[in-house]
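1. any chance you can model this:
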Amino acid sequence: MSGMFLLLWAGQSFANSIPSGVKVSFEFPGEGVEIAEKKPQIRCATSVPVSEERLLVLLDGVDITGVLDLASEGFTFTPIQTLASGEHQLHVIVTIDDGSGKEYLFSFSTIHQGYFDQASSDNQISTVFEQVLKRSADADYIPYQNLAVNLGSDSLVTRNNWTTGLRTNLRFLDRSAPVYAPEEKGIDLVDYVISSRYAGEKLGVLTEIGDLQLQETRNTIMGLARRGVRAVVDYKSLSVSSFRVQSEQVYGFDGGTGLNFDGRDNIRGVSVGLKLLSDTLTLRTIYLTGSEEGSSFGMYSDAGARQGDVLGFLLVDQLFAGKLNLEAEYDTSDFDADDSDEFASETSRAWNIKAGGVDGKYNYQALYEYAGRDYEVVGNQGLQRDRQGFTLTGGMQVTEHTVTLSGSRYVDNVEEDVLFPQTEQTAAMVDYSFTKFPTLPMGLGFQHSIIESSMVPEFGSPIEINTDMISTRLSHQRGAWSYNLNTSYSIQDDRTPADYDTRAQTYSFAPMYYSEHLSFSPNLSFIRSTDDTRDVDTDTRTMSLDLRGDLYAKKCLYELAGNFSQMEMSDKAMKMEILSTTFRIAYVPGEKIFGLLNPSIGLRGLYNKTDDQVYEQTTEEFALLLAISTSIGISF
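-> Here you go, the predicted model:
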């Protein structure tokens, strides 16, 4: 890592002269010293004055150079947040006159006094107030006044092997317009998690209460975010996990603590895992049951409650030092999609097997999966069912050449129900990258896909579409500038009696400039889609811009973002232009008020215009707002 930092600083010219004999001494707390402070002032002395341009200082791997207090005799730093108990590393690199870096590595330790080994609380309060100065009638969705205050808090106490924490986000909202559910005016709870962990030599215990993220397997629970409780116990190679959460998606204090399970609308589960053969083989069993209403925050359904259970088995094995990794899952479900109707629950199954690995310059992965027509799981809205098929992927990297190949074939209607057609999707892809020139990487890709149907009912419409696409990419890096050029051309051949053939071509150019005080990211693109049946072209031209920067030692911040699109059809059926822009300019005092407040005051605005030149309809909206914001960081 130190070599990377040295490269960043080498080869630059600097104002002050620093000889090779420069010395850096660690004055406080001092090398190897243990100090009973949460935010100890760190002080280093230098034998000659050193400017910020010649200095790189890392505390526990984090760059703190920009927040140092520099003086002719050295520098000091006072942490904003509490340092964790334990050992800390201070890494100092000084660039001397010949362009090389001279490195110093120091260490010290901190402890927290009192009953607890460590007790800390990091809190961030941010406030944004906006007042409309002028707005158009079409921008009445913007309230005249809006006040939002957010409190993020992360607290932690540790004693011996126990660690207990509270992470929460609170929000105060007030505006001169109605707010929409689930938000409410006044103070409300965004999310919270209370956790307690025991870490022993052989035994580990974790309990969590609040807004949880649950992750089991792809066919059971995958990315479920709900409010509830979870407990995990690890003993040697055995792991047992259980959870119980509300099935309703909740927000704010109205959602309660997540521990109210009197009703039936909850999801609960347990999993047991065992690691064997030096942790290279993992066996897991998962059981999940529960019910959920058709609609809640973020979800809608006009059906009744959904309920069911699922039992799953997972095997993960690593063989030959990662050259062969195996994963297999088998699940059975009993699910009722609507308990208000007269139909009983349906039993179904899903399974998949995956193999992959890396061997030198080669990598590969193979996946075969099956999910029955009636396979569903409570709380897994994104589950793909009623399909089976495989995906094969392989790659090779030889010096500057990289080749990736992939192919797949999937079919639906796995039970071949005669009331529905069966659709087969086949795809193949090859991609090539050439990186001999580090500042000029390039690549080429080709894809071929086929979608065709069979078992089409008497009055159904058949599908048979072949699509070919070729794409190219070219990038260039030169100093603070980077350039990206991408093109693609595709042909879609409809082989049914409808004969709806189409073509599409895309060109995009995206330069970007990035420096400490300015970033500039424009984007130009042109897309032409052609309806060969009617011989009609639809052209879309898009220009976008993202500009951010600061002036006067970062006391003036500015942002400008915009997008202009022009859509036109060759048969004159459509011609439309859409412009959307936003900007912000703010003044930020250089010093924090009372050492805590970091206020800014400025203007924020927007301008949007839609011009339909066929129907001669034009809409415009604009707004100009006074924006005041503050942020306070409090750690103790």
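2. could you use CA atoms for every contact and neighbour count after this?
-> Will do.
3. skipping its backbone neighbours, what lies nearest residue 410 in space?
-> Among residues not flanking residue 410 along the chain, residue 389 sits closest, at 4.1 Å (CA to CA, 6 or more residues apart in numbering).
4. check what pLDDT the one you found gets.
-> pLDDT, residue 389: 97.
5. identify the residues contacting residue 237.
-> 274, 275, 276, 279 (CA atoms under 8 Å, 6 or more residues apart in numbering).
6. nearest to residue 71 among the residues you listed?
-> Of all the contacts of residue 237, residue 71 sits closest to residue 279, with 53.0 Å by CA to CA.
7. the residue nearest to residue 410: helix or strand, and which one exactly?
-> Secondary structure assignment for residue 389, by DSSP states H and E: strand 387-398.
8. strand partners of the next helix or strand after that strand, parallel vs antiparallel please.
-> Per DSSP H and E, the first helix or strand lying C-terminal to strand 387-398 is strand 401-412. Using DSSP bridges, the strands paired with strand 401-412 are strand 387-398 (antiparallel), strand 422-434 (antiparallel).
9. CA atoms only: put strand 401-412 into CSV for me.
-> Provided in CSV are the C-alpha atoms of strand 401-412 (Å, rounded to 0.1, in the frame of the first residue of the first chain):
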residue,chain,number,x,y,z
HIS,A,401,-5.6,-10.5,-23.7
THR,A,402,-8.9,-11.4,-21.9
VAL,A,403,-11.6,-13.6,-23.5
THR,A,404,-14.9,-14.4,-21.9
LEU,A,405,-17.5,-16.9,-23.3
SER,A,406,-21.0,-17.6,-22.0
GLY,A,407,-24.1,-19.5,-23.1
SER,A,408,-27.5,-20.1,-21.6
ARG,A,409,-30.8,-21.8,-22.3
TYR,A,410,-34.0,-21.5,-20.3
VAL,A,411,-37.6,-22.6,-20.7
ASP,A,412,-40.7,-21.7,-18.8
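10. buried sites along it?
-> Across strand 401-412, burial judged by 16 or more other CA atoms under 10 Å covers 402, 403, 404, 405, 406, 407, 408, 409, 410, 411, 412.
11. okay, and the beta partners of the fourth one?
-> Looking back up the chat, that one is residue 405. Judged by DSSP bridges, the bridge partners of residue 405 are residue 394, residue 430.
12. got the contact list for stretch 42-53?
-> In this structure, residues lying in contact with stretch 42-53 by CA under 8 Å, 6+ apart are 14, 16, 18, 22-29, 65-66, 70-78, 94.
13. OK, contacts around residue 545?
-> For residue 545, the contact set (CA under 8 Å, 6+ apart) comprises 520, 521, 522, 523, 560, 561, 562, 563.
14. secondary structure element for it?
-> Element membership of residue 545, judged by DSSP H and E, is strand 536-551.
15. what lines up beside that strand in the sheet?
-> When pairs are called by DSSP bridges, strand 536-551 turns out to pair with strand 518-531 (antiparallel), strand 556-569 (antiparallel).
16. looking at it now, give me its mean pLDDT.
-> Strand 536-551 comes out at a mean pLDDT of 96.
17. list the buried residues for it?
-> 536-550.
18. returning to that earlier point: what's the closest of the strands paired with strand 401-412 to residue 310?
-> Distance to residue 310, taken as CA to CA, is lowest for strand 387-398 among those, at 18.3 Å.
19. centre of the chain to that closest one, how far?
-> Its chain's C-alpha centre and that of strand 387-398 lie 25 Å apart, by CA atoms, centre = their mean, to the nearest Å.
20. name the residues of that strand that are buried.
-> In strand 387-398, counting by 16+ other CA under 10 Å, buried: 387, 388, 389, 390, 391, 392, 393, 394, 395, 396.
21. now the second one, which residues is it bridged with?
-> Put plainly, it is residue 388. With DSSP bridges as the criterion, residue 388 is bridged to residue 370, residue 411.
22. and the contacts of residue 237 as JSON lines, adding neighbour count and distance to residue 444?
-> As requested, those are exported to JSON lines (neighbours: other CA atoms under 10 Å; distance: CA to CA, whole Å):
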{"residue": "274", "neighbour count": "18", "distance to residue 444": "44"}
{"residue": "275", "neighbour count": "17", "distance to residue 444": "43"}
{"residue": "276", "neighbour count": "12", "distance to residue 444": "44"}
{"residue": "279", "neighbour count": "12", "distance to residue 444": "40"}
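23. I'd like those residues as TSV, with distance to residue 614 appended.
-> Below are those laid out as TSV (distance: CA to CA, whole Å):
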residue	distance to residue 614
274	67
275	67
276	70
279	67
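24. from the residues you listed, which single one is nearest residue 339?
-> Comparing the contacts of residue 237 against residue 339 with CA to CA picks out residue 274 as the nearest, at 36.2 Å.
25. is the nearest residue to that closest one once chain neighbours are set aside bridged to anything, and to what?
-> Closest residue in space to residue 274, ignoring its immediate chain neighbours: residue 238 at 4.7 Å, by CA to CA, 6+ apart. On the basis of DSSP bridges, residue 238 is bridged to residue 235, residue 274.
26. distance of residue 238 from residue 554?
-> Distance, residue 238 to residue 554, using CA to CA, to the nearest Å: 54 Å.
27. flag every buried residue along stretch 214-230.
-> By neighbour count on 16+ other CA under 10 Å, the buried set for stretch 214-230 is 216-217, 219-230.
28. so how far is residue 85 from the residue lying closest to residue 81 once chain neighbours are set aside?
-> Spatial nearest neighbour of residue 81, excluding adjacent residues (CA to CA, 6+ apart): residue 635 at 5.2 Å. Distance of residue 635 to residue 85, given as CA to CA: 15 Å.
29. ok, now how distant is the closest residue to residue 584 other than its chain neighbours from residue 632?
-> Using CA to CA, 6+ apart and skipping the chain neighbours, the partner closest in space to residue 584 is residue 604 (4.4 Å). Distance of residue 604 to residue 632, given as CA to CA: 22 Å.
30. more crowded one of these two?
-> Legend: neighbour count by other CA atoms under 10 Å for residue 604 and residue 632, higher for residue 604 (23 against 18).
31. list the contacts for that one?
-> 582, 583, 584, 585, 624, 625, 626, 627.
32. again, but for residue 453
-> By CA under 8 Å, 6+ apart, the residues touching residue 453 are 421, 422, 423, 424, 462, 463, 464.
33. mark which of the contacts of residue 545 are buried, thanks.
-> With neighbours counted using 16+ other CA under 10 Å, these contain these buried positions: 520, 521, 522, 523, 560, 561, 562, 563.
34. what ranges of this protein fall below the confidence cut-off?
-> Applying pLDDT under 70 to the chain picks out residues 1-17, 113-115, 255-256, 258, 261-263, 294-304, 591-596.
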